[in-house]
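> what shape does this take:
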Amino acid sequence: MDGKAAPDAVAAVDQARQWGRLMEMAEFGAIPGEGVNRACLTALDRASRRLLLAWGAEIGLAPSIDALGNLFLRQEGTDPTLPPVLTGSHMDSQPNGGRFDGIWGVIAGLEAIQALREAGLATKRPIELVAWTNEEGGRFAPGCMGSMAYAGYRPAHAWDEVTDAEGMSFGAELEKHLALEAHIPRRPLGVVEGVAPFAYVECHIEQGPLLEAEDLDIGVVEGIQGSRWFSVEIIGRSDHAGTAPVSLRRDAVQDMVRAITALNALMYDPADVLRFTVGRVEVSPNSSNSVAARARFSIDCRHPDAAVLRARGDAVPGVVQSAMRGCSASVAERFNALPTAFSPMICQVVEDAARAQGMGVRRMQSGAFHDAQFMVPLCPSGMIFVPCRGGVSHHPSEYSTPSQLAAGARALTAVLAELANR
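Next comes the predicted model:
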């Protein structure tokens, strides 16, 4: 590789351009407090994709989509037969999300590719920017459907019957989405002609406080802790709140409270490493003067040790059942991803690229799951983190500065230049 070309490409990263694109994207689904609600497979999602396509077309990137709606923009290499280097993230948000989670990884990839082009750096390998479908799982659970299907972790139609809060199915909404993007060339789902990507690198805000607290620029992500998600449904009987004796009730809410209390005991970790969350609760008939006939709640359990995650997760159904007093309960596991270790080679390339630019760097784990973890079986993979204010994410106040994000894009540019010329 030309020793001068990579620094020229790093210098070509335009902080104002990247920030302007992020703020323009944030208009799609803008909510009070400078937040974003941009659910996957919605009109807002499609509008943001059209904007990305337009930006890609302006700099000569070739678009394509696959059967899960994963969107790719390709910068050709001098040897098109070589497996590409992939970079990207996702464009959907949480219902009460921020302007940077996911989407910055897509915009950073676009900025890095444009910087390489403006510096006149031709790479041997193609570079592909990818926007994965439904990483967040906010509308259709679980998340990471697009990357899981791409990697062969689950079949393409595995989630067709999953419904959102309005009863719309993922399969039907995806079919409508693909019809509206029929003008975009279609590519096979997953590896092309049996050839996996050469590497995958994903940029993301940290979603934690470490980089900010230590005044560092770049987190070299060495792995992602494992996650298990469950849905619990408790069936009781509705009665009048004023007339039904408590001893005769089959109160779904009371049994739900007992179950969550028992689960808190199961998930207790004096080291405070295990993460246990009940984040979603639904009650029916949801009336103040009626005993609940049905209660549903979600479970999110995470830990970096596969043995701990497996043991605690496997115990969930039994703990829930033993907590029932008058109701019946069913437990369904919706998502299971074991802890992931990223490629030492990718980690070293990221660290070297950041340190060569005088950036402060630390190695770290990711507490949140990302599309990158499903790429690990296919190719050397890794992630680049940048600081976020207070470690806040999945909230309108989520924030990284223009300079922090530009530093991340500069590190990514050097990483892509190195990997795509190997």
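> show me where the stretch 251-400 of the chain has strands.
Assigned by DSSP state E, counting those that start in this stretch, the stretch 251-400 of the chain shows strands spanning 275-277, 281-284, 294-303, 328-337, 340-341, 361-366, 381-386.
> from the contact counts, what lies against the fifth one?
This points to strand 340-341. Applying 3 or more CB pairs under 8 Å, 6 or more residues apart in numbering; DSSP states H and E, one finds that strand 340-341 contacts strand 218-224. For glycine as for every other residue, the C-beta is placed from the backbone atoms N, C-alpha and C.
> for the strand it packs on, give me every contacting residue.
Residues outside strand 218-224 that contact it (CB atoms under 8 Å, 6 or more residues apart in numbering) are 206, 210-211, 304, 337, 339-342, 347, 350-351, 354, 359-366, 368-370, 372-373, 382-386, 407-408, 411.
> just the buried members of these?
206, 211, 304, 337, 339-340, 342, 347, 350-351, 354, 359, 361, 364-366, 368-370, 372-373, 382-386, 407-408, 411 (16 or more other CB atoms under 10 Å).
> isn't Ala420 right up against Leu121?
No. Using CB atoms under 8 Å, Ala420 is not in contact with Leu121, being 9.0 Å away.
> ok, the two, which is more surrounded?
Ala420 (26 against 21; other CB atoms under 10 Å).
> with adjacent residues omitted, what lies nearest to that one?
Thr123 (3.5 Å; CB to CB, 6 or more residues apart in numbering).
> report the contact partners of that neighbour.
By CB under 8 Å, 6+ apart, the neighbours of Thr123 are 75, 77-78, 85, 116, 416-417, 420-421.
> among those residues, which ones are in helices?
Per DSSP state H, helices hold the following members of those: 116, 416-417.
> scan those and report the most crowded one.
Busiest of those [other CB under 10 Å] is Leu416, holding 30 neighbours.
> next one: stretch 128-141 to chain centre, how far?
Averaging C-alpha positions (CA atoms, centre = their mean, to the nearest Å) puts stretch 128-141 6 Å from its chain's average.
> err, stretch 233-248, not the other one
40 Å.
> nearest spatial neighbour of Ala158, chain-adjacent residues omitted?
Ala149 (7.3 Å).
> isn't that neighbour up against Asp160?
No. Using CB under 8 Å, Ala149 makes no contact with Asp160, being 11.3 Å away.
> ok, the two, which is more surrounded?
Using other CB under 10 Å, the more surrounded residue of Ala149 and Asp160 is Ala149, with 26 against 14.
> list the contacts of that one.
When the contact criterion is CB under 8 Å, 6+ apart, the partners of Ala149 are 67-68, 70, 155-156, 158, 189-190.
> over to Pro339?
Taking CB under 8 Å, 6+ apart as the definition, contacts of Pro339 comprise 223-226, 303-306, 309.
> kindly recompute the last result at 6 Å.
Neighbouring residues of Pro339 by CB atoms under 6 Å, 6 or more residues apart in numbering: 225-226, 304, 306.
> now it. Nearest residue, chain neighbours left out?
Nearest non-adjacent residue to Pro339 (CB to CB, 6+ apart): Gly226, at 4.1 Å.
> now swap in Ala26 and tell me
Per CB to CB, 6+ apart, closest to Ala26 is Arg99, 4.1 Å.
> that neighbour - how many residues pack around it?
23.
> gap between it and Gly146?
21 Å (CB to CB, to the nearest Å).
> check Ala158 too.
In terms of CB to CB, Ala158 sits 12 Å off from Gly146.
> tell me which of these two has more neighbours.
Gly146 (27 against 14).
> for the residue sitting furthest away from the middle of the chain, give me its contacts.
Taking CA atoms, centre = their mean, the residue of the chain most remote from its mean C-alpha position is Thr243, at 47.9 Å. Counting by CB under 6 Å, 6+ apart, Thr243 makes contact with nothing.
> mind pulling up the pLDDT for it?
Reported pLDDT at Thr243 in the predicted model: 96.
> what is the helix or strand of the chain with the lowest mean pLDDT packed up against?
Across the helices and strands of the chain, mean pLDDT, DSSP states H and E gives its lowest value to helix 5-12, namely a mean of 87. On a contact count with 3 or more CB pairs under 6 Å, 6 or more residues apart in numbering; DSSP states H and E, helix 5-12 meets helix 103-118, helix 402-419.
> what does it contact?
115-116, 118-119, 121, 410, 413-414, 417.
> wait, the residue nearest to Ala26 touches Met25, no?
No. If you go by CB atoms under 6 Å, Arg99 and Met25 don't touch, sitting 7.7 Å apart.
> remind me which residues of the stretch 1-150 of the chain are low pLDDT?
1-5 (pLDDT under 70).
> ok so, going back, identify the contacts common to Ala158 and Gly146.
Common neighbours of Ala158 and Gly146 (CB under 6 Å, 6+ apart) do not exist.
> contacting residues for the closest residue to Ile205 other than its chain neighbours?
Sequence neighbours aside, Cys388 is the residue nearest to Ile205 in space, at 4.2 Å (criterion: CB to CB, 6+ apart). Residues near Cys388 by CB under 6 Å, 6+ apart: 205-206, 400.
> closest to Gly137 among those?
Nearest to Gly137, judged by CB to CB, of the contacts of Cys388 is Ile205 at 18.0 Å.
> for that closest one, list the residues it contacts.
100, 386, 388, 400.
> for the residue nearest to Pro339, list each beta-bridge partner.
On the basis of DSSP bridges, Gly226 is bridged to His303.
> sketch out the helices for the stretch 251-400 of the chain, chain order is fine.
In the stretch 251-400 of the chain, the segments counted as helices under DSSP state H, counting those that start in this stretch are 252-266, 306-322, 344-356, 372-375.
> looking at these, spot the one closest to Ser288.
The closest of the helices of the stretch 251-400 of the chain to Ser288 is helix 252-266. By CB to CB, the value is 11.7 Å.
> with only the CA atoms kept, save that closest one in PDB.
What follows is helix 252-266, C-alpha atoms only, in PDB (Å, rounded to 0.1, in the frame of the first residue of the first chain):
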ATOM      1  CA  ALA A 252     -52.100 -12.700  36.700                       C
ATOM      2  CA  VAL A 253     -50.400  -9.500  38.000                       C
ATOM      3  CA  GLN A 254     -49.800 -10.900  41.500                       C
ATOM      4  CA  ASP A 255     -48.300 -14.100  40.000                       C
ATOM      5  CA  MET A 256     -46.200 -11.900  37.700                       C
ATOM      6  CA  VAL A 257     -44.800 -10.000  40.700                       C
ATOM      7  CA  ARG A 258     -44.000 -13.300  42.400                       C
ATOM      8  CA  ALA A 259     -42.200 -14.600  39.300                       C
ATOM      9  CA  ILE A 260     -40.200 -11.400  38.900                       C
ATOM     10  CA  THR A 261     -39.200 -11.500  42.600                       C
ATOM     11  CA  ALA A 262     -38.100 -15.100  42.200                       C
ATOM     12  CA  LEU A 263     -36.100 -14.200  39.000                       C
ATOM     13  CA  ASN A 264     -34.400 -11.400  40.800                       C
ATOM     14  CA  ALA A 265     -33.200 -13.900  43.400                       C
ATOM     15  CA  LEU A 266     -32.100 -16.300  40.600                       C
END
